[in-house]
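Visitor: based on what follows, work out the 3D shape:
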Amino acid sequence: MTRIRRLSATAAVILGSIAAANSVRAQPLQLGDTPCVRPPVLHCPDQGCTAETVTNGGPVVEPQTGRSYFLDYPCNLRRGDTVTFILSLHGGGSYGNWQRHYFPLLDYVDKYRLVVATPYSPRRVWGAEDDGYLQNIVSAVIEQVGRDNIKAFWLAGHSQGGLTSTRIVCSDFFKTKVDGFLSLSGGHVGGQAGRAANFGVPPLSGAAQTGRGAAPPPALPAGALTPPPPPTCDFSHVFTTGEHEISALPPSSERARMYGCAAAPTHRELVDTKAGYVYDGTRQNPGSKAWGLLPRPGTAAIHAYGGCRDKRLVADVVRLDKGHTEGLEPRVTEELVKMMLAARGGKIQHGG
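Guide: Numbers count the residues shown, from 1 in each chain. As a prediction, the model looks like this:
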């Protein structure tokens, strides 16, 4: 009887441990020590988003630097759930919450199981001194979600944030983690798309418009917009751009050749009936087609190189009749998410 009682007690302990573990797994995760809410914190309305909102740097604090950032993720995320992780970098002179609405992944985190970190540089331009801060954010997400649960990791960057992504994607820290790089008017990998002849930053309008504008940008440091050397490590690549900001797409893609993709891309168009959230409200008197006008519906031309080896993705997306700063519309944003999810992932899961 004594042995039976001991076996029963042991079984009770084991069952209790299993129940406790299941209970922990059933509890939603809270990433970044910040509650997840719906609608997401500081989410702009369809119209009338204030400058105070879009210039916010985020509620999550990176403890080693004391700097803030945004972290959007499914509110029902639980331990063991698989996600796609995206680090989204703003352009020169911009802000975290402007970038968050320029490429509004926050609208799709639940549907597509995304974890999106949107950092902010207080100098409003990225440099090598920011690299540790960005690495700390990535390391924190990997630790909290679990490397086995991150099926893909993408860098996304607008303008100077795209150039920064190009600079860091093959660094020792990122090359073993990044599965893809989405350039949002931030440089084309595998053959540059030339700037339009009339591309330039229009003069300041004076006071920023109310609504979806942002404060005037500071002067950028020397070299901030100099393209870094072409990266050569292994990652998928999608380039998006406004039609009016480039002279033409490259006639072919070196990265498509690298992965044995089709020699020529397939073409299709995607129509958005709804405008994006943000624009540059400091440059609208007058505005410029190349720099970007007010948000409005639009059409995106998608040029995708098929048959790439190892499920790599190489594609160009041209937003017709758009410039550098109109925020992305909902359908083209969702299509970019679908493309990222369909591409090869797994670097973090498999340790590079």
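Visitor: what sits against residue 173?
Guide: 131, 135, 138 (CB atoms under 8 Å, 6 or more residues apart in numbering). (Glycine included, C-beta is placed from N, CA and C.)
Visitor: what do you get if the cut-off is 7 Å, keeping everything else the same?
Guide: Neighbour list for residue 173: residue 135 [criterion: CB atoms under 7 Å, 6 or more residues apart in numbering].
Visitor: can you get me the start-to-end distance on stretch 119-135?
Guide: Start and end residues of stretch 119-135 are separated by 11 Å (CA to CA, to the nearest Å).
Visitor: so for it, mean pLDDT?
Guide: Averaging pLDDT along stretch 119-135 yields 96.
Visitor: buried set for that stretch?
Guide: Neighbour-count burial for stretch 119-135, counted by 16 or more other CB atoms under 10 Å, picks out 119, 120, 121, 124, 125, 126, 130, 131, 133, 134, 135.
Visitor: what about this structure, any weak spots by pLDDT?
Guide: 1-26, 206-224 (pLDDT under 70).
Visitor: same thing but at 50, please
Guide: Within the chain, the ranges that satisfy pLDDT under 50 run 11-24, 207-212.
Visitor: this protein: strands as residue ranges?
Guide: Listed in chain order, the strands of the chain (DSSP state E) span residues 60-62, 67-72, 83-89, 114-119, 150-158, 180-184, 194-195, 236-242, 246-248, 266-272, 298-304, 314-319.
Visitor: nearest to residue 42, of these?
Guide: Nearest to residue 42, of all those, is strand 67-72, at 7.9 Å by CB to CB.
Visitor: that closest one pairs with which strands, parallel or anti?
Guide: Sheet pairing for strand 67-72, assigned by DSSP bridges, gives strand 60-62 (antiparallel), strand 114-119 (antiparallel).
Visitor: from the chain's centroid, how far away is that strand?
Guide: Its chain's average C-alpha position is 13 Å from that of strand 67-72, according to CA atoms, centre = their mean, to the nearest Å.
Visitor: residues contacting that strand, please?
Guide: Contacts with strand 67-72, where a contact means CB under 7 Å, 6+ apart, come from 31-32, 34, 40, 57-62, 96-97, 100, 105-106, 109, 116-120, 133, 137.
Visitor: also stretch 184-195?
Guide: 103, 156-159, 161-163, 165-166, 181, 183, 227, 230-231, 237, 239-242, 245-250, 252-256, 324.
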